[in-house]
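Enquirer: after the sequence you'll find the predicted model.
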Amino acid sequence: MPPVTPPGGDDDDGGAALELLVHGVGGTTPQEMLGDPRTVRVTGDETAAVYRRTDDAEAELHPDRPGDDSRDRPVPEAYVWCNLTSGNGARALWLLLLPFMVANLAHWMQPTTRGLTRTVRVYGVLVRLLALSLTVLLIAAACEVALDLAAWQCAGSSRCSGDKSWLGFLSTDRGGWWSQPGRRLAVAALVPAALTGLLWYLSNRTWSAYESQRPLPAGAEPDPDEPTARPALGMPGFWYGRRLVARLRAAHTAAGFLTVAAALAGAGARYDRRASGPFLEATGRLLELALLAGAAVVVWVVCRRGRCESRLDVKLDRVVVALLPGSALALLALTLLYAAWSRPEWVSAGRLPGDRTFGIIALTQGGLVVALAAVALAMYRRAPDARTAMRGLGGPATAMLACALGGVMTGGVAQRVADWLDGAGTPGEPGGSIDGPPVLLTWQASVIPPLLVVLLAVAAFFAVRTWRGRGAMADAIEAEYPDAEPDTVRTRRIARIRAMAALTDRAPVILGVTSGATLLLGAGALLGAWTTGKVPGRAAAGNPDFVASAAQAAQALGSWLIGVGFILFVTWGRRAYRDPAARRTIGILWDVGTFWPRAAHPFAPPCYAERAVPDLTWRMASWTDRTGGRLVISGHSQGSVLSAAAVWQLPPRTRRRVALLTYGSPLERLYGRWFPAFFGTACLEALSHELHCWRNLWRRTDPIGGPVRVKGGQGLDVDRAALKDPLAYGRTREQPLPAPVLGHSEYQADPAFDHERTALLDRLPPCAVPRQRPDAPLGQGNSGRSSG
């Protein structure tokens with residue numbers, strides 16, 4: 001094998017060589033990636049940038065520096081993108097938007113399809129409608145807390161409002177101008193309206209920073225060797241979702257304002273039909289008709305248009321983006337005026353009218369999940385793939401999980417606020433000063449204990465299976481180290497780590513059981529709430545003692561658990577604001593969950609790949625075009641997914657000068673199984689044939705990375721045989737101390753890493769692209785188009 005050409009060497013020897021390192025989940029520093037405390041930013045900003053060692057800053061201009069000990073390997077560069085997901089404490093609060101993020105994931109989990117364009121569109125419409133229902137659920141929960149619990153129930157009860165000075169001006173005991181129920185509701189409606197405005201602001205701000213990043217322009221002339229049918233991630237518009245996010249943001253913002261207006265108008269119109277004159281009655285009916293028309297327009301906007309990936313769609317639907325939320329806000333203002341109209345005889349009692357709203361939302365979400373499952377099964381049967389998780393039902397199961405998370409979070413808020421307002425009493429029980437939240441929320445909390453029992457049973461099953469599987473691995477582990485003296489303790493430790501790593505492959509079973517149980521228990525809770533109209537403890541009264549006691553225990557424990565769950569969310573976010581270590585943990589969750597563009601929910605945390613993929617693509621194209629050199633992009637963990645996505649976006653001539661080295665990669669194990677339409681077997685095979693060379697490193701002790709299971713050019717396997725971990729079984733002359741089990745980390749410490757990187761560079765063709773003048777500023781290059 002010939003030696004690697006020194007950086008900036010002659011074209012006949014292969015030209016300059018560069019290794020572009022891309023880190024994985026959790027982030028790191030350029031100093032750690034490059035192994036040098038002295039680094040310099042080559043290009044980029046404080047959010048994401050490319051770094052080099054200070055000594056390599058101008059390596060292309062000075063290839064023959066005396067005393068340079070790095071001339072036998074490529075110049076290393078580090079692309080640091082961790083600040084895109086976990087750069088500051090405020091972003092940790094994105095954890096509260098978890099249901100929106102999970103719903104967005106469901107959109108991308110569709111099965112592989114062949115010729116089912118209309119079915120794919122139906123799948124996308126169903127997911128977008130389910131995402132819209134989550135926005136309505138969130139704003140409805142805010143209305144429940146502000147309008148129902150605080151303004152309607154507590155301010156209308158002297159026992160509740162007597163010791164709360166902040167409710168004094170709304171209290172009926174004061175008899176002031178604001179004490180009428182409609183005016184109290186109008187004041188309280190400012191809270192959910194402000195929440196809607198905050199969500200719009202956050203989405204608009206991140207949209208300007210993420211979705212507005214232009215990808216690398218396509219070449220002016222088509223390449224004859226380029227496949228006519230491109231994978232989705234190779235489409236020009238895949239990482240540019242500006243138009244769709246703007247439309248969805250307008251629709252969801254309008255839906256939030258309309259939800260607040262509906263809560264106001266519904267309560268006032270119901271009273272006016274019974275007791276007011278014809279003017280207020282007619283006004284209430286007109287407002288309700290206007291709200292229905294607005295809701296129909298919102299649904300039409302959500303359903304009408306999906307993503308455009310085949311081309312770079314730079315247009316904006318300015319009429320929809322401006323008029324839809326503006327009209328909804330104007331309608332809300334009219335509703336506020338209507339609700340504040342004087343009604344001296346109106347008295348608030350019980351719960352706010354319209355408490356069946358949560359039941360209608362739950363029923364709608366359940367119907368959408370079932371319909372989504374039917375569509376996903378039809379898609380999977382058309383093109384079945386044994387590696388696809390849950391036979392194509394991963395998307396519907398994830399959508400069900402999003403609905404469950406939304407229910408837990410909204411129910412937890414309502415339960416805890418009701419307990420706080422009632423003080424020593426229990427809402428809805430004898431001695432309580434308020435009736436509390438709708439009965440359905442209590443029923444939903446009561447099914448959490450049975451769900452936990454199911455999950456504990458699944459966990460126990462896999463714990464036993466893992467323990468048994470550990471023993472079966474002993475002989476195979478000792479056979480990998482034939483020259484070492486067997487050590488039972490050492491073998492068991494390695495076997496335990498391997499068995500734990502294999503649990504990742506059991507995730508489809510866990511998600512399937514969780515989502516199925518959640519759907520059945522949720523349906524039971526809805527049926528119980530609507531048929532009895534009572535909380536579970538009261539509904540079970542008169543049944544055998546065991547049933548009544550179980551219902552009361554589930555109600556009490558569920559209420560406690562749902563409140564604790566929400567408090568944990570808030571506490572975790574606050575801790576992450578102050579503790580960088582906790583912030584990094586939350587960042588890992590976001591690195592995985594926010595890789596995908598916001599195709600279903602505009603209020604989900606932003607997609608960092610819409611910045612990172614263009615960054616990597618521009619860097620690779622500009623460097624190879626300027627230097628004519630060879631480049632290996634080296635991605636670890638989530639960085640390997642970004643690397644593959646960036647390579648897909650390269651022009652064909654540039655792609656031929658780039659090699660891909662992945663290690664600890666979830667490309668097939670996670671993304672290929674859960675997102676088969678974009679990273680399935682056919683997609684990865686297409687990528688391996690479009691690349692000049694690709695190599696993948698993996699370990700059996702790695703819980704995240706794994707083989708990609710495809711062949712590259714000339715029928716060679718992309719995967720190298722599993723790396724030994726640990727490198728040494730026992731103490732040796734080379735390893736006098738016990739070698740650690742590395743698992744998902746430190747792949748570059750394995751000697752195989754340098755060997756595979758060198759082999760990839762040697763397989764790349766020598767310089768065949770004209771260079772720019774050698775003194776061109778590093779990182780600026782030309783327009784990014786390949787000039788070969």
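Expert: Noted; the coordinates are in hand. Numbers count the residues shown, from 1 in each chain.
Enquirer: ok, residues contacting the strand or helix carrying Ala457?
Expert: Of the helices and strands defined by DSSP states H and E, Ala457 is found in helix 448-472. Identification of contacts with helix 448-472 by C-beta atoms under 8 Å, 6 or more residues apart in numbering yields 408, 492, 495-496, 498-500, 502-503, 506, 509-510, 513-514, 517-518, 521, 553-554, 557-558, 561-562. Where C-beta positions appear, they are placed from N, C-alpha and C, glycine not excepted.
Enquirer: now the buried members of those.
Expert: 408, 495-496, 498-499, 502, 513-514, 517-518, 521, 554, 558, 561-562 (16 or more other C-beta atoms under 10 Å).
Enquirer: sorry, back to before: and the next helix or strand after the helix holding Ala457, what does it pack against?
Expert: Where DSSP H and E defines the elements, the next helix or strand beyond helix 448-472 is helix 474-479. Using 3 or more C-beta pairs under 8 Å, 6 or more residues apart in numbering; DSSP states H and E as the contact criterion, the elements in contact with helix 474-479 are helix 488-501.
Enquirer: now the helix it packs on: mean pLDDT?
Expert: If you average the pLDDT over helix 488-501, you get 94.
Enquirer: and if you look at stretch 362-372?
Expert: Model confidence over stretch 362-372, given as mean pLDDT, is 97.
Enquirer: quick one: contacts for Met409?
Expert: The neighbours of Met409, taking C-beta under 8 Å, 6+ apart as the test, are 96, 98-99, 141, 565-566, 569.
Enquirer: give me the subset of these lying in helices.
Expert: With helices taken from DSSP state H, the overlap with these comprises 98-99, 141, 565-566, 569.
Enquirer: one step back: TSV for the contacts of Met409, including distance to Leu631 and pLDDT?
Expert: As requested, those are arranged in TSV below (distance: C-beta to C-beta, whole Å; pLDDT from 0 to 100):
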residue	distance to Leu631	pLDDT
Leu96	41	77
Leu98	37	88
Pro99	40	94
Ala141	50	95
Gly565	47	75
Phe566	48	71
Phe569	43	71
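Enquirer: buried ones among those?
Expert: With neighbours counted by 16+ other C-beta under 10 Å, those contain buried members at 98-99, 141, 565-566, 569.
Enquirer: residue ranges of the strands in the protein, please?
Expert: Under the criterion DSSP state E, the chain contains strands at 17-22, 39-44, 49-53, 75-80, 630-636, 658-663, 693-697.
Enquirer: looking at this protein, which residue ends up farthest from its center?
Expert: No residue in the chain has its C-alpha farther from the mean C-alpha position than Gly277, which lies at 51.0 Å (C-alpha atoms, centre = their mean).
Enquirer: and Tyr671, how many residues sit next to it?
Expert: For Tyr671, the number of neighbouring residues by other C-beta atoms under 10 Å comes to 25.
Enquirer: what pLDDT is listed against the residue lying closest to it once chain neighbours are set aside?
Expert: Nearest-residue entry for Tyr671: Phe679, 3.9 Å, with adjacent residues in sequence omitted and distances by C-beta to C-beta, 6 or more residues apart in numbering. For Phe679, the model assigns a pLDDT of 95.
Enquirer: tell me how far Phe679 lies from Met379.
Expert: Taking C-beta to C-beta, to the nearest Å as the measure, Phe679 falls 16 Å from Met379.
Enquirer: next: Ala474.
Expert: Counting by C-beta to C-beta, the separation of Ala474 from Met379 is 43 Å.
Enquirer: more crowded one of those two?
Expert: In this view Ala474 and Met379 are compared by other C-beta under 10 Å, and Met379 has more residues nearby, 24 against 15.
Enquirer: shaky segments in the chain?
Expert: Counting by pLDDT under 70, the low-confidence segments of the chain come to 1-15, 62-72, 86-93, 218-229, 424-426, 428-431, 570, 573-589, 767-788.
Enquirer: tell me which residue is most central in it.
Expert: In the chain, the residue lying closest to the centroid (C-alpha atoms, centre = their mean) is Gly593, at 2.7 Å.
Enquirer: surely that residue is in contact with Cys607?
Expert: No - when contacts are counted by C-beta atoms under 8 Å, Gly593 is not listed as touching Cys607 (9.9 Å).
Enquirer: got JSON lines for the strands of the chain, with mean neighbour count and distance to Val413 too?
Expert: Rendered in JSON lines, the data for the strands of the chain read as follows (neighbours: other C-beta atoms under 10 Å; distance: least, C-beta to C-beta, whole Å):
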{"stretch": "strand 17-22", "mean neighbour count": "24", "distance to Val413": "39"}
{"stretch": "strand 39-44", "mean neighbour count": "18", "distance to Val413": "40"}
{"stretch": "strand 49-53", "mean neighbour count": "22", "distance to Val413": "39"}
{"stretch": "strand 75-80", "mean neighbour count": "24", "distance to Val413": "37"}
{"stretch": "strand 630-636", "mean neighbour count": "27", "distance to Val413": "39"}
{"stretch": "strand 658-663", "mean neighbour count": "27", "distance to Val413": "42"}
{"stretch": "strand 693-697", "mean neighbour count": "25", "distance to Val413": "45"}
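Enquirer: in a markdown table: these, plus distance to Phe257.
Expert: What follows is the strands of the chain, written out as a markdown table (distance: least, C-beta to C-beta, whole Å):
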| stretch | distance to Phe257 |
| --- | --- |
| strand 17-22 | 42 |
| strand 39-44 | 39 |
| strand 49-53 | 39 |
| strand 75-80 | 40 |
| strand 630-636 | 43 |
| strand 658-663 | 46 |
| strand 693-697 | 49 |
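Enquirer: among these, which comes closest to Thr488?
Expert: Thr488 lies closest to strand 693-697 among those, at 29.2 Å (C-beta to C-beta).
Enquirer: what packs against that closest one?
Expert: Identification of packing neighbours for strand 693-697 by 3+ C-beta pairs under 8 Å, 6+ apart yields strand 658-663, helix 751-763.
Enquirer: out of these, which is closest to His689?
Expert: Counting by C-beta to C-beta, and looking across all of these, nearest comes strand 658-663 at 12.3 Å.
Enquirer: list the contacts of that closest one.
Expert: Applying C-beta under 8 Å, 6+ apart, the external contacts of strand 658-663 come out as 620, 624, 630-636, 640, 643-644, 647, 650, 691-698, 705, 708, 747-748, 753, 756-757, 760-761, 763-764.
Enquirer: over to stretch 96-105?
Expert: 94, 127, 130-131, 134-135, 138, 398-399, 401-403, 405-406, 409, 569-570, 573, 593-594, 596, 598-601, 603-605.
Enquirer: quick check, distance from that stretch to the centre of its chain.
Expert: Centre-to-centre, stretch 96-105 and its host chain are 6 Å apart (C-alpha atoms, centre = their mean, to the nearest Å).
Enquirer: for stretch 543-554, buried residues please.
Expert: When burial is assessed from 16+ other C-beta under 10 Å, stretch 543-554 yields the following buried residues: 548, 550-552, 554.
Enquirer: so can I have JSON lines of the helices and strands packed on strand 693-697 showing distance to Pro450?
Expert: JSON lines is the format used below for these (distance: least, C-beta to C-beta, whole Å):
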{"stretch": "strand 658-663", "distance to Pro450": "42"}
{"stretch": "helix 751-763", "distance to Pro450": "49"}
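Enquirer: which of the ones you listed sits closest to Asp615?
Expert: Across those (criterion: C-beta to C-beta), the nearest stretch is strand 658-663, sitting at 15.0 Å.
Enquirer: now the angle from that closest one to strand 630-636?
Expert: With axes from the mean of the first three to the mean of the last three C-alpha atoms, to 10 degrees defining the directions, strand 658-663 sits at 20 degrees from strand 630-636.
Enquirer: how about the helices of the stretch 551-700 of the chain, start to end?
Expert: Counting by DSSP state H, counting those that start in this stretch, residue ranges of the helices within the stretch 551-700 of the chain are 580-593, 609-627, 638-648, 652-655, 673-674, 676-679, 681-690.
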